[in-house]
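Participant: got a structure for you, letters missing:
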């Protein structure tokens, strides 16, 4: 049996976790905590294997709770919060996952299955350490080669080299990578700014493209270009945006 503690000051949030865990008979909730002090004491006393931990809770926040737990007693931590700004800090404390509210049963079940696999492997040396991963992704003194986005109820770190193009969709943007697509609430201007130090150009009011993914440029009517990507996608490089990147066309 996998022993769990849930920590959230909202009764509805605790109930949702309780209801979702009912379908996993090998997971047992041994305590439900409202505040940080209570949570820290329960972790030390009950020694759970998993803690579903909100960040903003009374008495002390979720990160301070972890500071009160000795490393040898540290369980797997799944942060459960409505705030995505704590994601990088969660990685630094080696959190297992970061679950954004509101989350679906499918997303929750995915985490539970991964927890089941992780806890079935008692070789601690094989555990992925998020801090090491982040250090590899963000080398000191270099521009980050990862793009952090909130998509499908989770925080995703995308390798910028694998992004082919970005498409505007109303109040969202759709990020097309070599394998998957990610819909995130963001503006094209913000994406253009985040990628300004990489080989991305704005070719249309609704499209940003990775020059490394371009296979062919073909002039078409009225000064526009047809852009064909290596994946086969076909885009239009508007004459309105072409002067801004004339050197890019030459390259």
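Facilitator: Yes, it's here. Just so we're clear, the structure is a prediction, and the values are computed from it rather than from any experiment.
Participant: next, the most centrally placed residue in the chain: secondary structure please.
Facilitator: In the chain, the centroid-proximal residue (C-alpha atoms, centre = their mean) is residue 155; its distance is 1.5 Å. At residue 155 the chain is in strand, as set by DSSP: H, G, I helix; E, B strand; the rest coil.
Participant: who's in contact with the residue nearest to it when sequence neighbours are not counted?
Facilitator: Excluding the flanking residues, the one nearest residue 155 by C-beta to C-beta, 6 or more residues apart in numbering is residue 87, at 4.2 Å. (Each C-beta comes from the backbone N, C-alpha and C, glycine too.) By C-beta atoms under 8 Å, 6 or more residues apart in numbering, the residues touching residue 87 are 98, 148, 155.
Participant: right, and the second one touches residue 85 too?
Facilitator: No - using C-beta atoms under 8 Å as the test, residue 148 is too far from residue 85 to be in contact (10.5 Å).
Participant: the two - which one has more neighbours?
Facilitator: Set residue 148 next to residue 85 and count neighbours by other C-beta atoms under 10 Å: residue 148 wins out with 17 against 9.
Participant: what's the burial count for the closest residue to the more buried one other than its chain neighbours?
Facilitator: In space, and not counting its chain neighbours, residue 148 is closest to residue 157: 5.6 Å by C-beta to C-beta, 6+ apart. Applying other C-beta under 10 Å, we find 18 residues neighbouring residue 157.
Participant: wouldn't residue 157 be in contact with residue 146 here?
Facilitator: Yes - the pair residue 157 / residue 146 is scored as a contact, 4.6 Å apart, by C-beta under 8 Å.
Participant: roughly how far is stretch 48-58 from the heart of the chain?
Facilitator: 19 Å (C-alpha atoms, centre = their mean, to the nearest Å).
Participant: buried stuff in that stretch?
Facilitator: 48-55, 57 (16 or more other C-beta atoms under 10 Å).
Participant: likewise stretch 218-231?
Facilitator: Under 16+ other C-beta under 10 Å, the buried positions of stretch 218-231 are 224-225, 227-229.
Participant: return the member of the residues you listed nearest to residue 73.
Facilitator: Set against residue 73, the nearest of those by C-beta to C-beta is residue 229 (50.5 Å).
Participant: once you drop chain neighbours, what's closest to the closest one?
Facilitator: Take residue 229 and drop its neighbours on the chain: the residue closest to it by C-beta to C-beta, 6+ apart is residue 213, 4.9 Å away.
Participant: next: residue 235.
Facilitator: With C-beta to C-beta, 6+ apart, the residue lying closest to residue 235 is residue 227, at 4.4 Å.
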